[in-house]
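Q: What would the 3D arrangement of this be:
(one chain, ligands or ions: 2)
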Amino acid sequence: MKPANAHLAALGTTVFTVMSALATQHGSINLGQGFPDTDGPQDVVRAAADALLDGRNQYPPMAGVPELRQAVAATNARFYGLDVDPATEVIVTSGATEAITACLMALLNPGDEVVLIEPLYDTYLPVVRLLGAVPRLVRLTPPKWELPRAELAAAFGPKTKAILLNTPMNPTSKVFTAAELAFIAELLQKHDAYAVCDEVYEHLTFDGWRHIPLMTLPGMRERCLRIGSAGKTFSLTGWKIGYITACAPLATLAMKAHQNLTFTTPPNLQRAVAVGLAKDDAYFAKLAGDLQARRDLLAEGLARIGFGVLPVQGSYFVTADFAALGFAGDDVAFCRHITEQAGVTAIPVSAFYEGDAPSHFARFAFCKRPEVLTEAVDRLARHFGGALTATARSA
Ligand code: PMP
Ligand code: GLN
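A: Ligands and ions are numbered 1, 2, ... in the order given. You can find the predicted model right below:
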């Protein structure tokens, strides 16, 4: 038999699925895959249920239902002062995951180069490669996750078509600053390149950190495709409703990609997300405030146990250095070990790098009920407070 697709044949199952399965197998508290353990707002869920019952269950418009496109345009204006035409500049997709692929499809020809920043989200590299494009990786390293400006500039060249930028960033929890974004914008102008902006954690920032869409910088309105996710904004990750905001020519291409990927996205969920996006500012402030308190609970607990906890400016995740705990293996072994022996699951940070990677950091999700986080910390404290077995030390 002829070999089928080489990229997919070489790809393993995503680390999130692997670690969630391991968590289930061992009955451990799953702080691995990033999903809240309670539903989002009841009025939004109710709106989705109601919308199933009023006879609009056939294919919705390809670009998304008008209510949601209008709501996405309105939140762009409300939070970022962006003037967006809902009729031509918003495309609704089945999750940000589809949106990322659709935006890359909209921009890339085989042989184009794409600048990506490690550590990176797991779908970026496979999709770039499946499209026949060439990734140019630039690396951030813990504990500071500083943007290496010279290396970033060197990654751009005549073949660069785009950068894929994730801010607030998973797993580093870094929120890119205005100065960093201005540096990136300058590179895009200089090299006549585009940006796919994965901004799914746009509303999840802490301690006064504010998310700035690259699209709001001078000269960037026509170069950026900006992606949001209802999963993150309404704590409903299973719904898979994403939205792209882009100038009309790029949005048209993203829509053609969507046309060939899924064509449309469930209409009742779209209509419910429109209800969600119309919520007042207090909803968005409380979402971030509640998460910040959970971040503190987990971060302080991990620090008490002896983890080196890195700062968290946004997103669902805290990265913790376990080097001081005396565990002998790498991060993959560590995450497996705590799942099996302590009853808490995390994600090895090396999974977000290609090739050689930092190997003593684990990513813990804090988008969980406070009592669950407390129990997770207690379990880890009990385990590391003396129970680190001889096998673990020499693993
Ligand atoms: N991008 C990043 C950085 C993410 O962490 C996630 C995870 N949810 C996604 C995209 C995918 O979002 P969605 O569930 O809306 O497809
Ligand atoms: N975004 C989630 C995370 O980083 C996982 C989503 C998925 O499992 N594909 O944990």
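Q: Which one of the residues in the stretch 1-150 of the chain is closest to ligand 1?
A: Residue nearest to ligand 1 within the stretch 1-150 of the chain: Gly95 (2.8 Å; C-beta to the nearest ligand atom). Quick note: C-beta positions are derived from backbone N, CA and C, even for glycine.
Q: now that residue: how far from ligand 2?
A: 9 Å (C-beta to the nearest ligand atom, to the nearest Å).
Q: I'd like to check which residues are in contact with the residue nearest to that residue when sequence neighbours are not counted.
A: Leaving aside its sequence neighbours, Gly95 sits nearest to Lys240 (C-beta to C-beta, 6 or more residues apart in numbering; 3.6 Å). If you count contacts by C-beta atoms under 8 Å, 6 or more residues apart in numbering, Lys240 has them with Ser94, Gly95, Thr97, Glu98, Gly231, Thr265, Leu269.
Q: tell me the pLDDT at Lys240?
A: The per-residue pLDDT reported for Lys240 equals 98.
Q: Likewise for Thr319?
A: In this model, Thr319 carries a pLDDT of 98.
Q: now do the one 4 residues further on
A: In this prediction, Ala323 carries a pLDDT score of 97.
Q: Go ahead and confirm it touches His360.
A: Yes - counting by C-beta atoms under 8 Å, His360 is a contact partner of Ala323 at 4.4 Å.
Q: How many residues are close by Pro142?
A: 17 (other C-beta atoms under 10 Å).
Q: The helix or strand that contains Glu371 packs against which elements?
A: Using DSSP states H and E, Glu371 sits within helix 370-384. Helix 370-384 sits against strand 29-30, helix 281-305, strand 344-345, with contacts defined as 3 or more C-beta pairs under 8 Å, 6 or more residues apart in numbering; DSSP states H and E.
Q: need the ones you listed in JSON lines with distance to ligand 1 and mean neighbour count, can you?
A: Listed next are the helices and strands packed on helix 370-384 as JSON lines, based on distance: least, C-beta to the nearest ligand atom, whole Å; neighbours: other C-beta atoms under 10 Å:
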{"stretch": "strand 29-30", "distance to ligand 1": "15", "mean neighbour count": "24"}
{"stretch": "helix 281-305", "distance to ligand 1": "14", "mean neighbour count": "17"}
{"stretch": "strand 344-345", "distance to ligand 1": "17", "mean neighbour count": "25"}
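Q: so which of the ones you listed gets nearest Gly64?
A: For Gly64, the closest of these is helix 281-305, at 21.0 Å, according to C-beta to C-beta.
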